[in-house]
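S.K.: Predicted model and sequence below, questions to follow.
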Amino acid sequence: MEIPQKSAEFDYLFEFSPESPLHLGADQGQGAANLERKTVIRSVLSSDQPVRGATAKDQDYKESTKKKKFYAEMKTTNKLEKSRQSARECRARKKLRYQYLDDMIAEREKANDTLRDELVKYVGWCQMLDQNKVPEGLQEFLNSEEYQS
């Protein structure tokens, strides 16, 4: 059986092949020129088209890295949103805590004012007793349950 010679009209079929049989014989004397030609031809191909000789695994790897980047961006976005929500809740808790403290302060100040007024009343009674005078309300106070308990 005789192998037919390849004609020049079918050379275009092997143009994109990295190691076409036509170029293997010719490569012996033109190694650098042929390597340059292959590099140029591969760079002309778009990145979406698979390169001849590339496996489906390579294509899946590109897709998986794109998916990983997408999921990483989503993960980052979700983390940022959770962080923002957490910050909002923290600020709300802080606001409630300060309101509670303000209410406690107001309540204690009111109690202090009441005690201060009572103290002023008792000091006034003591001064009147020192002058041998009976202050108004002293007899009612002595008879009250507040004094007796």
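M.R.: Cool, got the structure.
S.K.: which helix in the chain runs the most residues?
M.R.: helix 56-130 (DSSP state H).
S.K.: Could you point out the helix or strand that follows it?
M.R.: helix 138-143 (DSSP states H and E).
S.K.: Return the alpha-carbon coordinates of that next one using CSV.
M.R.: Taking Å, rounded to 0.1, in the frame of the first residue of the first chain, the C-alpha atoms of helix 138-143 are listed here in CSV:
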residue,chain,number,x,y,z
LEU,A,138,-43.6,68.3,113.2
GLN,A,139,-46.4,66.9,115.3
GLU,A,140,-48.1,65.3,112.3
PHE,A,141,-44.7,63.8,111.3
LEU,A,142,-44.2,62.3,114.8
ASN,A,143,-47.6,60.7,114.7
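S.K.: helices or strands next to whichever helix or strand comes after that helix in the packing?
M.R.: With elements assigned by DSSP H and E, the helix or strand that comes after helix 138-143 is helix 145-148. Under the contact criterion of 3 or more C-beta pairs under 8 Å, 6 or more residues apart in numbering; DSSP states H and E, helix 145-148 touches no helix or strand at all. C-beta here means a position set from N, CA and C on the backbone, and glycine is covered the same way.
S.K.: count of neighbours near residue 138?
M.R.: 15 (other C-beta atoms under 10 Å).
S.K.: With adjacent residues omitted, what lies nearest to it?
M.R.: residue 125 (5.9 Å; C-beta to C-beta, 6 or more residues apart in numbering).
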